[in-house]
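Trainee: Sequence first, predicted coordinates after that:
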Amino acid sequence: MLEWDHLRIVLAIHRKGSMQAAAEDLGIDRATVLRRLDALEARLKASLFDRRHDGCILTEAGHAIIATVEGIEQAMTVIEHRVSGRDREAEGVVSLAVPEFLAAKILAPELPRFAKLHPGITVEVSSGNGFMNLARGEADIALRNRRPDHNTLVSRRIGTVGLGFFASRDYIASSGDPALGFGGHDFVVFDSSLSGVPSYAQMEDMARHGRIAMRSNEILPMVAAAKAGLGLTFLPCVAARGEPDLNLVAPGIIAERDMFLVTHRDLLKRTRVRLAFDFVVRICAENAAALSGKLAVDLMKGRQPSFDVDEAAMRNS
């Protein structure tokens with residue numbers, strides 16, 4: 001297959017009249033021009049220029065292809081303008097890979113704001129615990145609990161997620177206050193696929209004092225089971241947001257993990273990706289108290305009557 005880097009050598013030599021002038025125009029050295037021209041002529045099995053001491057003149061074979069090469073140049077220019085133009089536009093699809101509970105509790109409720117600001121952008125949300133490879137283009141933006149070390153990726157720390165044990169009011173009323181001890185209680189906990197979550201081992205140790213009623217590889221089913229009174233559950237605090245019957249219990253926050261928003265270095269140059277990236281950073285900052293568990297701790301200590309009141313006060317402050 002012919003290469004554009006070789007074909008444009010023909011145009012530069014034809015327009016500038018010599019290999020040296022073509023090299024200067026293209027910003028490469030004369031040896032590179034000569035090497036590419038030799039490779040192209042070998043591929044075509046024809047000489048494209050008469051190489052004279054005072055310059056280069058198209059041969060009959062060169063004249064035969066020059067118009068076609070100019071057409072290719074025009075097509076390449078159109079492609080570059082269209083692609084670079086789209087990168088500057090607030091239009092297109094942006095894919096985000098985030099845990100399901102964060103998608104449900106933080107991202108999705110805020111997307112109407114983003115849609116109003118940028119109606120030309122469609123957000124694709126991939127949730128769950130599968131690892132999306134940004135370096136291979138499996139997602140545009142991802143939320144991670146560690147800073148990546150791949151040199152093609154850029155990241156920004158956007159806060160912390162607090163984790164603790166939660167229980168429904170009905171469960172506490174029927175089974176007793178866990179603050180008095182975890183012995184004899186029922187537990188709704190992660191399965192082994194989430195063993196990388198901070199304090200997983202501590203959660204397992206506490207659960208050994210009672211009975212494992214349910215395990216899950218997803219957070220939201222655990223929320224639903226705990227709300228129904230199945231037992232104590234270990235959750236990121238924000239997963240209990242908007243669940244007034246699900247309360248943080250003593251000892252409160254027992255683990256914290258950093259959050260990093262990650263994207264490919266080149267993708268951040270695209271307007272739609274940068275806008276989505278900045279928006280996620282902003283909404284995580286606005287919801288920092290819910291993410292870190294501060295609101296849940298305040299509720300546990302009886303300082304606030306509900307998440308809704310907390311959040312309204314925070315937004316109006």
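Mentor: Nice, thanks for sending it over. Numbers count the residues shown, from 1 in each chain.
Trainee: From now on I want contacts and neighbour counts done on CA atoms only, so please keep to that.
Mentor: Fine.
Trainee: Mind pulling up the pLDDT for the residue of the chain most remote from its centre?
Mentor: The outermost residue of the chain, judged against the average C-alpha position, is His53 (57.1 Å), by CA atoms, centre = their mean. Looking at His53, its pLDDT is 86.
Trainee: Look up phi and psi at it.
Mentor: With angles defined as degrees, to the nearest 10, His53 sits at phi -70, psi -20.
Trainee: cool, and Ile158?
Mentor: Ile158 has phi and psi values of phi -120, psi 20 when expressed as degrees, to the nearest 10.
Trainee: give me every residue that touches it.
Mentor: Going by CA atoms under 8 Å, 6 or more residues apart in numbering, Ile158 touches 258-261, 281, 284-285.
Trainee: Show me what counts as buried in the longest strand anywhere in the chain.
Mentor: Longest strand in the chain by number of residues (criterion: DSSP state E): strand 246-264. Under the neighbour-count criterion of 16 or more other CA atoms under 10 Å, strand 246-264 has 246-250, 252-253, 255-257, 259-264 buried.
Trainee: so which pair among those residues is furthest apart in space?
Mentor: Pairwise distances across the buried residues of strand 246-264 peak at 40.6 Å for Ala250 and His264 (criterion: CA to CA).
Trainee: which residues in the protein form helices?
Mentor: When secondary structure is read from DSSP state H, the chain shows helices at 4-16, 19-26, 30-44, 60-88, 100-102, 108-117, 169-175, 200-207, 219-227, 271-286, 288-292, 294-300, 307-316.
Trainee: any idea how far Trp4 lies from Ile72?
Mentor: 8 Å (CA to CA, to the nearest Å).
Trainee: who's more crowded, the two?
Mentor: More crowded of Trp4 and Ile72, by other CA atoms under 10 Å: Ile72, with 15 against 12.
Trainee: From Ala224, how far out is the more buried one?
Mentor: Going from Ile72 to Ala224 by CA to CA gives 60 Å.
Trainee: Output the below-cut-off pLDDT ranges for this structure.
Mentor: Low-confidence segments of the chain (pLDDT under 70): 1, 77-89, 128-137, 180, 194-199, 302-317.
Trainee: per-domain residue ranges of it.
Mentor: 4-88, 92-158+260-286, 161-256+293-306 (automatic domain parsing).
Trainee: so of those, which one's packed in deepest?
Mentor: Mean neighbours per residue, mean count of other CA atoms under 10 Å, is largest over the domains of the chain for domain 161-256+293-306, with a mean of 19.
Trainee: check contacts around the nearest residue to Thr263 once chain neighbours are set aside.
Mentor: Nearest residue to Thr263, sequence neighbours excluded (CA to CA, 6 or more residues apart in numbering): Ile141, at 4.7 Å. By CA under 8 Å, 6+ apart, Ile141 lies in contact with 94-97, 134, 261-264, 273, 277.
Trainee: Give the bridge partners for Ile141, please.
Mentor: As for beta bridges, Ile141 partners with Leu96, Thr263 under DSSP bridges.
Trainee: if I look at it, how far off is Val281?
Mentor: According to CA to CA, Ile141 and Val281 sit 11 Å apart.
Trainee: got a list of what the nearest residue to Ile13 once chain neighbours are set aside touches?
Mentor: For Ile13, ignoring the flanking residues on the chain, the nearest one in space by CA to CA, 6+ apart is Ala22 at 5.1 Å. Counting by CA under 8 Å, 6+ apart, Ala22 makes contact with 9, 12-13, 15-16, 30, 33.
Trainee: rerun that using 10 Å as the cut-off
Mentor: By CA atoms under 10 Å, 6 or more residues apart in numbering, Ala22 lies in contact with 8-16, 28-30, 33.
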